[in-house]
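Participant: for reference, the sequence and a predicted model appear below.
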Amino acid sequence: GEPLDISRSALRAVSPIHIEYLENMEVGASLSAAIIVKGKLWGLIACHHRTAKYLDFYQRESCRFLAQMFSTELTLRETSETLSRSELSDNIRRQLVKQMSYHKD
């Protein structure tokens, strides 16, 4: 009685509205790869081709791998920025504590 979860499906159909949108752009084939950062959808890599285009398993897996590598790089950069901000906050806190202990009043 519950709807089928196809969120991890590699191949699936597109909505009729999206197909109409692609037809209006004269697109005959499309491929999208999700960019997931910290378990949430951050964005998509969207590829279009004017005519029907067949990608074999290895080509599709290569696209998926590139999207995963991009996701990993984004996560790494976000984590590095968070750590840098944390270090800056720690330095400011240490300076404040040092100043407060030096100036007792």
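Facilitator: Sure thing, it's come through.

Participant: output the contacting helices and strands for the helix or strand where residue 80 lies.
Facilitator: The secondary structure element spanning residue 80 is helix 57-102 (assigned by DSSP states H and E). Applying 3 or more Cβ pairs under 8 Å, 6 or more residues apart in numbering; DSSP states H and E, one finds that helix 57-102 contacts strand 29-37, strand 40-49. Placement of C-beta: from N, CA and C, glycine included.

Participant: so for residue 105, which of those sits nearest?
Facilitator: Ranking the helices and strands packed on helix 57-102 by distance to residue 105, with Cβ to Cβ as the measure, places strand 29-37 first at 48.3 Å.

Participant: for that closest one, give the mean pLDDT please.
Facilitator: Per-residue pLDDT values over strand 29-37 give a mean of 91.

Participant: that one pairs with which strands, parallel or anti?
Facilitator: Strands flanking strand 29-37 in the sheet, each with its direction: strand 40-49 (antiparallel) (DSSP bridges).

Participant: for the residue nearest the centre of the chain, what are its contacts?
Facilitator: Note on the chain: the residue nearest the mean C-alpha position is residue 35, at 2.6 Å, using Cα atoms, centre = their mean. When contacts are counted by Cβ atoms under 8 Å, 6 or more residues apart in numbering, residue 35 is found next to 41, 42, 43, 44, 45, 67, 70, 71, 74.

Participant: could you measure from it over to residue 75?
Facilitator: If you measure residue 35 against residue 75 using Cβ to Cβ, to the nearest Å, the figure is 10 Å.

Participant: count the residues that sit near residue 33.
Facilitator: Counted with other Cβ atoms under 10 Å, residues neighbouring residue 33 total 19.
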